[in-house]
Every structure is written in structure tokens, then in C-alpha cells.
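Trainee: just coords:
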């Protein structure tokens, strides 16, 4: 016997937070989670279902440019102090 609060047919559907095409910001968030390596499998499946590979590639390139820029800035800062 199912309890009323756990019966899936009685639960209201959860509204989607981001309906429609994913933005570059959302794609950057996906790339950041991928870099960290920590992700819920349900969230991963939801992202894969609605994100195009093009936006992921663009987001990854932006993240790469930011990372390289930060590395260059740190090296210049350390070298200037030496």
C-alpha cells in the first residue's frame, strides 16, 4: 500500500526552472560542474537532454580563455614581485 505523500500519481509536477534554449551562462555552469567532476546524475541527464553541443563547445572555449588569462595574470604578478 502506498502512502499518500509518496504516491507518484498524487505528486504535483515540478516546474522547470529554465524552459527553452539554454543560455551561455547555463552552459558555463555545466562546463564548470564538469571541470569539478561533481554532478548529480539526474541533473546531468536533464542537461544532456536540452543542451546543444555547440553551446557547450562555446562555453568550454570561454572557460579556457578565462583560465589561461588567469594563469598569465598570476605568472606576471609573481614575476613582478621577484
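Mentor: Sure, I can see it. Quick caveat, the model's predicted, so the values are computed rather than measured. Residues are numbered from 1 along each chain as shown.

Trainee: tell me which residues of the particular helix or strand that has residue 68 in it come out buried.
Mentor: If you go by DSSP states H and E, residue 68 is part of helix 53-81. Buried positions in helix 53-81, judged by neighbour count with 16 or more other CB atoms under 10 Å: 55, 56, 59, 60, 63. Backbone N, C-alpha and C define where each C-beta goes, glycine included.

Trainee: can I get these in TSV including distance to residue 25 and pLDDT?
Mentor: Conversion of those to TSV gives the following (distance: CB to CB, whole Å; pLDDT from 0 to 100):
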residue	distance to residue 25	pLDDT
55	10	87
56	13	86
59	9	88
60	14	90
63	12	90
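
Trainee: just the closest of these to residue 40, please.
Mentor: Checking those against residue 40 by CB to CB gives residue 56 as the nearest, at 17.8 Å.

Trainee: looks like that closest one contacts residue 31 (just checking).
Mentor: Yes. Distance between residue 56 and residue 31: 6.7 Å, which falls inside the contact criterion (CB atoms under 8 Å).
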